[in-house]
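Asks: Build me a model:
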Amino acid sequence: MYKALLFTASLLVSGMVVANDSNDSACQFDIEFSSKPKENSQTVNASPSVTMDIKQFVATKVVKNAKIASNVMCQHLTGHAFTGSEGEFAQFIDNAIQGLLKAGFKGLKFTRVGADDATYKDDLTHLEYIFTGDKAGNKQVIHNLAVIDKKNNQVITISVSGNEKVSDEIKSEYTKLVNSFSL
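Replies: Model (predicted):
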C-alpha cells in the first residue's frame, strides 16, 4: 500500500492512497488510483484568523493516445466552517469556472448531475457535476464530485478529465475513483 500526504481549489501499481495530516482529523480518507499519483500541498492564509491546508494528488494514464488525468484534492479549513449551503456550492462552481476560463477554456458548459444519475451514493453533503469545453482545439470532458465533510471541516474534490474521444474511459475512471473513496 502506498501511504501519502495530500495537496489543493488524489500501492504503486494500483495507486492506493491513504491521506494523512498532522491534524488527526484533517484530510483523512482512502482512495484508489489506477497509477501512482504525484502529490502537492500548501497552506493558504485567507485572513489573519482563517487558513486553508490544501493537499492534492494527480495521476495520469494514456488511453487510445489520449491522456486521462485524475485529480483528488482536500481543502481543510481552520478558523471558519464549511456549511454546504447552496450559496457556498454556487461560489465553489463559480471559482471552478473562473479557473478554467483563466486556463484558456472556451465554450464551457456546466451540467449538474441529478440524484438518479449520480455515481456518489453516500449521505455526506455533495455536488456532482460535469464540465465540457475546448482548450486550444482539445475538447475536454471533466467529471467532478465535491464532498463536504462537515465533521472535519473539509471539502474533498474528485475530478477526472481528458479528451472527449475517450469520454467512456473518463467516466469509467471517475466511477472507479468515486467508488473507492471512503472517509
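Asks: Can you show me the strands along the protein?
Replies: Counting by DSSP state E, residue ranges of the strands within the chain are 2-5, 16-20, 29-32, 38-47, 50-63, 66-78, 105-112, 125-135, 138-149, 154-163.
Asks: Of the ones you listed, which stretch is the most buried?
Replies: Across the strands of the chain, the average number of neighbours (mean count of other CB atoms under 10 Å) peaks for strand 154-163, which reaches a mean of 24. For glycine as for every other residue, the C-beta is placed from the backbone atoms N, C-alpha and C.
Asks: Can you give me the buried ones in stretch 77-96?
Replies: Buried residues in stretch 77-96, counted by 16 or more other CB atoms under 10 Å: 77, 82, 84, 89, 92-93, 96.
Asks: what packs against whichever helix in the chain runs longest?
Replies: Determined from DSSP state H, the single longest helix within the chain is helix 86-102. Using 3 or more CB pairs under 8 Å, 6 or more residues apart in numbering; DSSP states H and E as the contact test, the elements touching helix 86-102 are strand 105-112, strand 125-135, strand 138-149.
Asks: Output it as PDB, restricted to C-alpha atoms.
Replies: Provided in PDB are the C-alpha atoms of helix 86-102 (Å, rounded to 0.1, in the frame of the first residue of the first chain):
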ATOM      1  CA  GLU A  86     -26.400  26.300  -2.000                       C
ATOM      2  CA  GLY A  87     -24.700  29.600  -1.900                       C
ATOM      3  CA  GLU A  88     -21.400  28.000  -0.900                       C
ATOM      4  CA  PHE A  89     -21.700  25.500  -3.700                       C
ATOM      5  CA  ALA A  90     -22.600  28.200  -6.200                       C
ATOM      6  CA  GLN A  91     -19.400  30.100  -5.200                       C
ATOM      7  CA  PHE A  92     -17.400  26.900  -5.500                       C
ATOM      8  CA  ILE A  93     -18.700  26.300  -9.000                       C
ATOM      9  CA  ASP A  94     -18.100  29.900 -10.000                       C
ATOM     10  CA  ASN A  95     -14.500  29.700  -8.800                       C
ATOM     11  CA  ALA A  96     -14.000  26.500 -10.800                       C
ATOM     12  CA  ILE A  97     -15.400  28.100 -13.900                       C
ATOM     13  CA  GLN A  98     -13.200  31.200 -13.500                       C
ATOM     14  CA  GLY A  99     -10.200  28.900 -13.100                       C
ATOM     15  CA  LEU A 100     -11.000  27.000 -16.300                       C
ATOM     16  CA  LEU A 101     -11.500  30.200 -18.200                       C
ATOM     17  CA  LYS A 102      -8.200  31.600 -16.900                       C
END
